[in-house]
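# Here is my input; please provide its structure:
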Amino acid sequence: MKDRAKLTTEKRNYKTANIDKFSTLEIVNIINRQDRLVAPAVARERKHIAKAVDIIVRGFRSGGRLFYVGAGTSGRLGVLDAAECPPTYGVRPTLVQGIIASGRRTLVRSVEGAEDVAGNGAKALIRKKLKAVDVVVGIAACGITPFVQGAIKKAKQTGAATIFITCAPQAKKEIAADIIINPVVGPEVITGSTRMKAGTATKLVLNTLTTAAMIKTGKVYGNLMVDLRATNFKLQDRSERIITDVTGLSRPAARKLLKKARGLVKAAIVMHLKKAGFRKAIKILRQCNESLRTAIGK
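Predicted coordinates for the structure are as follows:
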């Protein structure tokens, strides 16, 4: 698409056209009213999101990885979501990876022009040794970012499943992904500033993709993150509370059990409820495809 002015993400929002004339509180109110449009826009895409989750789960179960590819705000959001998966769900850092145009330095400082070369998106996936069992999620508010488009093209050539998140409906015809998630949040408060509504919508979608995928792959029991890694005092405390909630043990007993289970919450719970040692608990979990609910039968 040559005329970017036709993209929803680049159009002028006439409800905020005179925002610089208002008081501070009025400015905040205007922004807040626009932000209220985001959740309904994401909700309208829930069927596409659910299909994307199922694709990701199939990839995980086949030994595949999930790659987020983006530039600027979109890339940073992908990296953020990927970075949160290991401590929250105990997965290896390579399972969910964020790729941003121009690499790590772009996380803290904008590198203009980094997104303009489609070949670089493809090269980024080549360096990751992309496989057919992997899943690639392209993230571009405008939908036409060359870096992202190049990555999606490479993924298709490799046979990997492809998903695309964009807030510009006009770009859909130029996106060759298996699933397109298109929350249309309308023009931004500040024209073209897609770190705002488009960024918020993107984060909601990413949160849902990984959270739902982790639930489906047994990383959650009820609404408890039973595969978390207790890498700090906060997570140690949460691990103990989870064990207490599920088993009914006292906090000191939960702490002692967690130590015997080598910090693994699911193993600790199985050890207690199945009256098993650590090795036996691990074996039970493996036989149950790591599902705690299946392992303990409730």
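# only C-alpha atoms for contact and neighbour calcs from this point on.
Noted.
# mind checking the SS state of residue 136?
Classification of residue 136 by DSSP: H, G, I helix; E, B strand; the rest coil places it in strand.
# swap that for residue 26, sorry
Classified using three-state DSSP, residue 26 is helix.
# Show me where the protein dips below the pLDDT cut-off.
1-2, 110-114 (pLDDT under 70).
# can you list the domains in it?
Listed by automatic domain parsing, the domain ranges of the chain are 5-216, 233-296.
# What helix or strand is the spatially most central residue of the chain located in?
The residue lying closest to the centre of the chain (CA atoms, centre = their mean) is residue 206, at 3.4 Å. If you go by DSSP states H and E, residue 206 is part of helix 197-216.
# Could I get the contacting residues of residue 157?
If you count contacts by CA atoms under 8 Å, 6 or more residues apart in numbering, residue 157 has none.
# Could you say which helix or strand holds it?
helix 146-158.
# helix or strand right after that helix?
Using DSSP H and E, the first helix or strand after helix 146-158 is strand 161-165.
# Relative to that next one, what are the paired strands and their orientations?
Note on strand 161-165: by DSSP bridges, its sheet partners are strand 135-139 (parallel), strand 179-181 (parallel).
# how about it: buried residues?
By neighbour count on 16 or more other CA atoms under 10 Å, the buried set for strand 161-165 is 161-165.
# Distance from it to the middle of the chain?
The chain centre lies 12 Å from the centre of strand 161-165; the measure is CA atoms, centre = their mean, to the nearest Å.
# now stretch 207-219
Remark: stretch 207-219 is offset 9 Å from the chain centroid, using CA atoms, centre = their mean.
# Please apply the same query to stretch 92-105.
Counting by CA atoms, centre = their mean, stretch 92-105 is centred 12 Å from the centre of its parent chain.
# Next: stretch 282-292.
25 Å.
# Show the end-to-end separation of it, please.
11 Å (CA to CA, to the nearest Å).
# try stretch 228-236
9 Å.
# Show me how far it is from its chain's centre.
Per CA atoms, centre = their mean, the centroid offset for stretch 228-236 relative to its chain is 21 Å.
# what does stretch 117-133 give?
For stretch 117-133, the distance to the chain centre is 19 Å (CA atoms, centre = their mean).
# in that stretch, what counts as buried?
Quick answer for stretch 117-133 (16+ other CA under 10 Å): 117-122, 124-125, 130-133.
# export these to CSV and tack on distance to residue 21 and secondary structure?
CSV is the format used below for the buried residues of stretch 117-133 (distance: CA to CA, whole Å; DSSP: H, G, I helix; E, B strand; the rest coil):
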residue, distance to residue 21, secondary structure
117, 39, coil
118, 41, helix
119, 44, helix
120, 43, helix
121, 42, helix
122, 45, helix
124, 45, helix
125, 47, helix
130, 51, coil
131, 53, coil
132, 54, coil
133, 53, coil
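# need the residues you listed in a markdown table with distance to residue 50, can you?
Below are those laid out as a markdown table (distance: CA to CA, whole Å):
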| residue | distance to residue 50 |
| --- | --- |
| 117 | 31 |
| 118 | 28 |
| 119 | 30 |
| 120 | 30 |
| 121 | 26 |
| 122 | 27 |
| 124 | 27 |
| 125 | 25 |
| 130 | 24 |
| 131 | 23 |
| 132 | 21 |
| 133 | 19 |
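# which among those gets closest to residue 17?
Nearest to residue 17 among these, counting by CA to CA, is residue 117 at 33.2 Å.
# Got phi/psi on that closest one?
The phi and psi values for residue 117, taken as degrees, to the nearest 10, are phi -110, psi 110.
# didn't it look like it was pressed against residue 148?
No - counting by CA atoms under 8 Å, residue 148 is not a contact partner of residue 117; they are 9.1 Å apart.
# Closest one to residue 279 out of the buried residues of strand 161-165, please.
Proximity of the buried residues of strand 161-165 to residue 279 (CA to CA) peaks at residue 161, which lies at 36.3 Å.
# Give me the number of neighbouring residues for the nearest residue to residue 217 once chain neighbours are set aside.
Closest residue in space to residue 217, ignoring its immediate chain neighbours: residue 57 at 6.9 Å, by CA to CA, 6 or more residues apart in numbering. Using other CA atoms under 10 Å, residue 57 has 24 neighbouring residues.
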